[in-house]
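K.L.:
dropping the sequence and predicted coords here.
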Amino acid sequence: MGLWLRRRQRELDLDREIRAHLLAEADEEQLSSNAAQRAFGNTTLIKELVREMWGWSSVERFMQDLRYGLRLMARNPGFTAVAVLSLALGIGANTAIFSVFDALLLRTLPVKHPEQLITLTRTDGRRTGDSISYPMFQNFRSLRQVFSDMSAVYQTGQSNVMINGPGGGLDDGTVVVGLVSGSYFSMLGVKPATGRLLTSDDDIVLGGHPVTVLGYSYWQRRFGGARDVAGQTLTFNNTTYTILGVAAKGFSGEVVSSPTDLWVPMAMESQVIPERPGLVTNQTSMWTRVIGRMQPGMTPQRAQPLLQVTFQQLLLARAGSGASPQTIQQLAEQRIQLEPAGGSRCSAKFLRSL
């Protein structure tokens, strides 16, 4: 309304100024009003030029087009409804697609120096996998000239999580639990939102560390963001875990597109996956994903030959001295590879396929 009033006032001022010029022209040249008008020029054109300088013409044209479009839509309500619905569906679909694309391909991990992170994959030229045995992980972790730190990860779903204490109860959905080795959070540089996170001291004795860290979203959803959550307990698979703290907001795990609700020390593997006990000592079961932080100055190209030597030694040791020549040949074809891990796991696979 204020803009319209200011415009109206400026239009009146413009009219008065033009009339004043016409009167001055008539008095100075002793002309009639029509002759003065001809001598002064086209007043309508002058007004349009002044309005262009004020910047209102484009607004006027937009409003005229808008009124015209609204009149057309009012005359054809059926067509208008179909057009609006089509636009809404198109915008919604594009928004959903971009959200998925952003989550799977664009986002990087909200951690310290994500560009330094790698994950290990193994291939025989035909198939590629991103899991190795836990003893293999322990051997790779010892390559200090390559890695400043490394962590093993396994993700599983639990449908029997019981929150203990007031306001608790059985969780009515599937809770995603991440088994991680003790240096997981320190390696990534993740800080706690409250309480503390897992450390290497929480991952020493097999079955002896029933503790857990909550994901920020799970803490908000299931505990209402209570600041005193540390010290409370939850139970699943007949084991009760004490909550140590909550991971920082924005961090939901090392795979952007697959968020984790709870983290538990790898030492609790037999309690979390009771149907597959003893995986942390099994040389042959390829089940853990590995994420590592490379030493400053180290590159995947320089690191790969070093890892390949260790990988071949481990494979041959596992096969034993009685392995057949065919088995040895098959093992020799296997390769260990390093892939960027600072973004989504899907993004690395997508980039490899290009």
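P.N.:
Yep, that arrived.

K.L.:
got the contact list for residue 139?
P.N.:
310, 314 (Cβ atoms under 8 Å, 6 or more residues apart in numbering). Backbone N, C-alpha and C define where each C-beta goes, glycine included.

K.L.:
quick check, it in a helix?
P.N.:
Yes - using DSSP: H, G, I helix; E, B strand; the rest coil, the assignment for residue 139 is a helix.

K.L.:
and the gap between it and residue 188?
P.N.:
21 Å (Cβ to Cβ, to the nearest Å).

K.L.:
what's the helix or strand harbouring residue 157 packed up against?
P.N.:
Assigned by DSSP states H and E, residue 157 belongs to strand 147-158. Contact partners of strand 147-158 among helices and strands, from 3 or more Cβ pairs under 8 Å, 6 or more residues apart in numbering; DSSP states H and E: helix 134-141, strand 175-180, helix 184-188, helix 269-272, strand 289-294.

K.L.:
what does that strand contact?
P.N.:
Against strand 147-158 from outside (Cβ under 8 Å, 6+ apart): 134, 137, 140-141, 174-181, 183-184, 186-188, 236-237, 253-255, 258, 260, 266, 269, 272-273, 287-296.

K.L.:
tell me which residues in it are buried?
P.N.:
Judged by neighbour count (16 or more other Cβ atoms under 10 Å), strand 147-158 contains these buried residues: 147, 149-155, 158.

K.L.:
all the strands of the protein, residue numbers only.
P.N.:
117-123, 128-129, 147-158, 162-163, 169-170, 175-180, 192-195, 211-214, 233-236, 239-247, 262-265, 289-294, 335-340 (DSSP state E).

K.L.:
reformat those as CSV; add mean pLDDT.
P.N.:
As requested, the strands of the chain are exported to CSV (pLDDT from 0 to 100):
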stretch, mean pLDDT
strand 117-123, 92
strand 128-129, 85
strand 147-158, 96
strand 162-163, 96
strand 169-170, 92
strand 175-180, 98
strand 192-195, 97
strand 211-214, 98
strand 233-236, 97
strand 239-247, 98
strand 262-265, 98
strand 289-294, 94
strand 335-340, 91
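
K.L.:
of those, which is nearest residue 313?
P.N.:
For residue 313, the closest of the strands of the chain is strand 335-340, at 11.4 Å, according to Cβ to Cβ.

K.L.:
if we can go back for a sec, give me the buried subset of the contacts of strand 147-158.
P.N.:
134, 137, 140-141, 175-181, 183-184, 187-188, 236, 253-255, 260, 266, 269, 272-273, 287-295.

K.L.:
go through the helices and strands packed on strand 147-158 and name the closest to residue 338.
P.N.:
strand 289-294 (8.3 Å).

K.L.:
pull the residues that contact that closest one.
P.N.:
Residues contacting strand 289-294 (Cβ under 8 Å, 6+ apart): 113, 116-120, 130-132, 137, 140-141, 146-155, 187-188, 254, 300, 303, 341.

K.L.:
domain-wise, how is this protein divided?
P.N.:
2-75, 116-353 (automatic domain parsing).

K.L.:
please identify the deepest-packed of the ones you listed.
P.N.:
domain 116-353 (a mean of 17; mean count of other Cβ atoms under 10 Å).

K.L.:
nearest to residue 81, of the strands of the chain?
P.N.:
strand 175-180 (42.2 Å).

K.L.:
got the CA coordinates for the closest one in CSV?
P.N.:
Coordinates of each C-alpha in strand 175-180 appear next as CSV, following Å, rounded to 0.1, in the frame of the first residue of the first chain:
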residue,chain,number,x,y,z
VAL,A,175,17.3,-50.1,15.6
VAL,A,176,20.5,-50.0,13.5
VAL,A,177,23.5,-51.0,15.7
GLY,A,178,27.0,-50.4,14.6
LEU,A,179,29.8,-52.6,15.9
VAL,A,180,33.0,-50.5,15.8
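
K.L.:
going forward can the numbers begin at 103, since that is how I track them
P.N.:
In the new numbering, first residue 103, that becomes strand 277-282.

K.L.:
list the neighbouring strands of it plus their orientation.
P.N.:
Strand pairing for strand 277-282, determined by DSSP bridges: strand 249-260 (antiparallel), strand 364-367 (parallel).

K.L.:
what's the least confident stretch among the domains of the chain?
P.N.:
Ranked by mean pLDDT, those bottom out at domain 104-177, with a mean of 61.

K.L.:
what ranges do the helices span in the chain?
P.N.:
Counting by DSSP state H, one finds helices in the chain at the ranges 104-131, 135-142, 145-156, 159-177, 179-203, 236-243, 286-290, 318-325, 371-374, 402-421, 427-434, 447-455.

K.L.:
list every C-alpha atom in stretch 306-324, with coordinates, as CSV.
P.N.:
Below are the C-alpha coordinates for stretch 306-324, written out as CSV (Å, rounded to 0.1, in the frame of the first residue of the first chain):
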residue,chain,number,x,y,z
ILE,A,306,39.7,-54.8,24.9
VAL,A,307,38.1,-57.8,26.6
LEU,A,308,35.7,-59.9,24.4
GLY,A,309,32.2,-59.7,25.9
GLY,A,310,33.5,-57.4,28.7
HIS,A,311,32.4,-54.0,27.5
PRO,A,312,28.5,-53.7,27.5
VAL,A,313,28.5,-49.9,26.7
THR,A,314,26.9,-47.9,23.9
VAL,A,315,26.9,-44.5,22.3
LEU,A,316,23.6,-43.0,20.9
GLY,A,317,23.3,-41.4,17.5
TYR,A,318,22.0,-37.8,17.8
SER,A,319,18.8,-38.4,15.9
TYR,A,320,18.0,-41.5,18.0
TRP,A,321,18.7,-39.6,21.2
GLN,A,322,16.3,-36.9,20.1
ARG,A,323,13.6,-39.4,18.9
ARG,A,324,13.8,-41.9,21.7
